[in-house]
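Student: here is my input, please return the structure:
(chains A and B)
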Amino acid sequence: MIAQLERCDPRRLPGLLENRLSPQEAAVMTDHIERCADCRMRLERLAGEAAFWTETQSVLSDVTCYPDVGQQEAIAHENLPERFGPYQVKGFVGHGGMATVYKGWDAELNRALAIKVLHPHLASTGTARTRFLREAQAAAAVVHPCVVPIFGVHNDQGRSFLVMPLITGGSLQQRLDREGSLETIEILRIGLQIAEGLAAAHAQGVVHRDIKPANILLEDGGRRVLISDFGLARTLDDATLTASGMVAGTPAFMSPEQARGESVDHRTDLFSLGAVLFTMATGRRPFDADNPLAVLRQIASSKVRSVQEFDERQPAWLDRLIGRFLAKDPNDRPHNASEAAELLRGCLAHVTAPAFHPLPAAVQSPKLRPKWLPITGFMLLAVGAGAAGGNFWGVWRDARMQSTTTGQSVASDPSQRATNARLSSPSTRANSPSSFVDNAATQAAPLQVERIVHLKPEALENQFPARRDLKIEATQIMADQLEQATDPEAW
Amino acid sequence: MAAQPLTRHSLLLRLHDAADEAAWGQFTELYEPVIYRLARARGLQDADAREVVQEVLMAVAKAAERLPPHVHGEAGGFRRWLAITTRNRVIDRFRRREVRGTGRSTQVQRLAELPAAAEPGTELQQELRKQLFSQAADHVKQQVASSTWQAFWLTAVENQPVARVAQQLDISVGNVYVARCRVLDRIRNWVQEQSRWCDTND
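Tutor: The predicted structure follows:
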């Protein structure tokens, strides 16, 4: 009994409650709580007063929940309206923040349709209705395989609705909910199609303003991507702005300028596209917090976390790609959706065939970008050509030209200048094979080039014990090619 | 910490600050289910209750800038205003059904008699508190391990014996005690945080 009393340590209870103790400490305390009624009481009071415990119990045991989405759908199934305008209602598709979507039937053309009926409060004022019609008309002018076409806009007895093709593959949001983060190639493939759809819309002067996974529809087993709800966000803004001076909706995918309520242009969609890319890569939103205000704060000021923190399969350059889109300043994003599409296409090509398509310069690592890649690429080629006994002289001559063209960006680096000098001077041709070595080394340790150049394979191994590949490579080059390279007659 | 007044009029004041877009989202998240439940409690069907929710939210949005002074000044003033607005819309719904010939005249009468007894804001206040707790529960549930949540729910809400729950979840009795305190602590923090965020002027 006394031993137990000695272990009472109320000062540690807050730590235990907030999970700040080490696992060992927590285990000891938990053990103690199990037997010491006093400490148990203290911990309970610390968590909440007796009245709060009672209230929590009475309130939570009696929550008649607002029907969740599943229930809403079940209910909407039961209460189907018969028709909207000329279209018969055949079923229920979904219920969102702005509209309810029904499956409809066009008797004249004998085809199934989606009927998107705007919630009544969004089209309650004359201005909002007019705006809705105008925006929908503008959106209907956008014709592109990646944009959901609009067949018609109607206003029937105060209900405004859009008529669209019925797309059955679900939304990107549903896919992410189901599968979590996607593979890099899939992210790029979907992102590219969104960018292309946006480019078509922007060319017509239509800005989407509400690009988010729920507005990206998938068809054809997910291979085809369609953007829906062009222009509707504007209507939504209008309806709520005219009434209350604010914008409704979840701000998670808004651009900083949009979140601040400033005027926006097409580049707001590019930011939102970046947020969608992030969500595809990680399975979660880039800016997420308990309340919308905190989300807005994050959008305005926080840098997004690395996607690799959430999914280690993603390459590091994906952060740079997404970062370009999520730039706080619109001027730092791709200038327009076509440029964005170009960038995404480049990345997609790289992922599909890395050997043939280098990463687009805009997403290359800033360290590698200007200096090493072209030279290294060429050198590997040269080694291959030499080993195959090909026209080495020709390759070498090309190398000279290439090194002069790349030399400008390279000249500031002394070690590289040395390499260039060796390459371009016939009198040092005998040494040129060693430049293969330094280029092999540059891939791993660019600053060490000068030190490696004159080392023999054995010395290399001593110098860089961790990089046995250097030695092997150097040995092979020495053995296979040194003789040929030093004897012009043999070429 | 028990039922404190929740007028949320500071949130309401923020509704006409154009820069504060978040306020509206926060407002609807909290009030939508509350208005819905009030409407359902009066006997409306789901679809009608939903329409009432939309109508009342529209009324709030329109009125936010020019609500009568007592609504802002008086404690519980907005709550009462909202409760009355909701009630009127519900009655409107029933009347409209009558006009359309669905025939529920008795219901309108019953309705008119029904809530007069209670202070109009009280019921709404209870629903509001309920909503806040249920949001808190949803939020905390996502943050903690499933066994932690279960330990809390089964013992603190469903009142099951601690020893049995410990056995069922295959954790120690001490763990059950600690787990339920941790959950309650988080719920309390969340409710307080949300109340403060909305009610700084109360």
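Student: where is the longest helix in chain B?
Tutor: Using DSSP state H to define each element, chain B has its longest helix at helix B:173-198.
Student: ok, that one near chain A or not?
Tutor: Yes. Against chain A, helix B:173-198 shows contacts by Cβ under 8 Å from any Cβ of the partner chain at B:173-175, B:177-178, B:181-182, B:184-185, B:187-188, B:190, B:193-194, B:197. Where you see a C-beta, it was placed from the backbone N, CA and C, and this is true even at glycine.
Student: please work out the average pLDDT along that helix.
Tutor: Helix B:173-198 shows a mean pLDDT of 86.
Student: list the buried residues of that helix.
Tutor: Across helix B:173-198, burial judged by 16 or more other Cβ atoms under 10 Å in any protein chain shown covers B:173-188, B:190-191, B:194-195, B:197-198.
Student: re the thing from before, just the residues of helix B:173-198 next to chain A now: which is nearest B:Ile35?
Tutor: B:Gln194 (17.9 Å; Cβ to Cβ).
Student: test my guess that that closest one contacts B:Gln135.
Tutor: Yes. Taking Cβ atoms under 8 Å as the definition, B:Gln194 is a contact partner of B:Gln135 at 7.3 Å.
Student: can you pull out the low-pLDDT segments for chain A?
Tutor: Counting by pLDDT under 70, chain A contains low-confidence ranges at A:1-7, A:62-79, A:96-98, A:120-128, A:131, A:158, A:231-251, A:261, A:289-294, A:367-491.
Student: neighbours of B:Gln126, how many?
Tutor: 14 (other Cβ atoms under 10 Å in any protein chain shown).
Student: which intervals of chain B have sub-threshold pLDDT?
Tutor: B:1-23, B:63-77, B:97-121, B:196-202.
Student: convert the C-alpha atoms of stretch B:55-62 to CSV, please.
Tutor: Provided in CSV are the C-alpha atoms of stretch B:55-62 (Å, rounded to 0.1, in the frame of the first residue of the first chain):
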residue,chain,number,x,y,z
GLU,B,55,-34.3,28.4,-47.0
VAL,B,56,-33.1,29.2,-43.5
LEU,B,57,-29.5,29.4,-44.6
MET,B,58,-30.5,31.8,-47.3
ALA,B,59,-32.4,33.9,-44.8
VAL,B,60,-29.3,34.0,-42.6
ALA,B,61,-27.1,35.0,-45.5
LYS,B,62,-29.5,37.7,-46.5
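Student: quick one: buried residues of that stretch?
Tutor: Within stretch B:55-62, the residues scored as buried using 16+ other Cβ under 10 Å are B:Glu55, B:Val56, B:Leu57, B:Met58, B:Ala59, B:Val60, B:Ala61.
Student: can you sort out which of the residues you listed also neighbour chain A?
Tutor: Among the buried residues of stretch B:55-62, proximity to chain A is found for B:Glu55, B:Leu57, B:Met58, B:Val60, B:Ala61 (Cβ under 8 Å from any Cβ).
Student: so the fourth one touches B:Leu82, yeah?
Tutor: This means B:Val60. Yes. B:Val60 is in contact with B:Leu82 according to Cβ under 8 Å; the separation is 7.1 Å.
Student: what do the two both touch?
Tutor: Here B:Val60 and B:Leu82 have B:Tyr31 as joint contacts, going by Cβ atoms under 8 Å, 6 or more residues apart in numbering or on different chains.
Student: so A:Lys303, which state does it fall into?
Tutor: Three-state call for A:Lys303 (DSSP: H, G, I helix; E, B strand; the rest coil): coil.
Student: and it, how far is that from A:Ala47?
Tutor: The gap separating A:Lys303 from A:Ala47 is 35 Å, by Cβ to Cβ, to the nearest Å.
Student: what about those two, which has more around it?
Tutor: With neighbours defined as other Cβ under 10 Å, A:Lys303 and A:Ala47 compare such that A:Ala47 has more, 23 against 10.
Student: which residues touch A:Ala275?
Tutor: Going by Cβ under 8 Å, 6+ apart, A:Ala275 touches A:Ile211, A:Lys212, A:Ala252, A:Phe253, A:Arg285, A:Pro286, A:Phe287, A:Phe325, A:Leu326.
Student: is it true that the second one touches A:Gln173?
Tutor: Meaning A:Lys212. Yes. With contacts counted by Cβ under 8 Å, A:Lys212 reaches A:Gln173, the gap being 7.4 Å.
Student: more neighbours: which of these two?
Tutor: Neighbour tally, A:Lys212 and A:Gln173, criterion other Cβ under 10 Å: the higher count belongs to A:Lys212, 23 against 16.
Student: all set, thanks.
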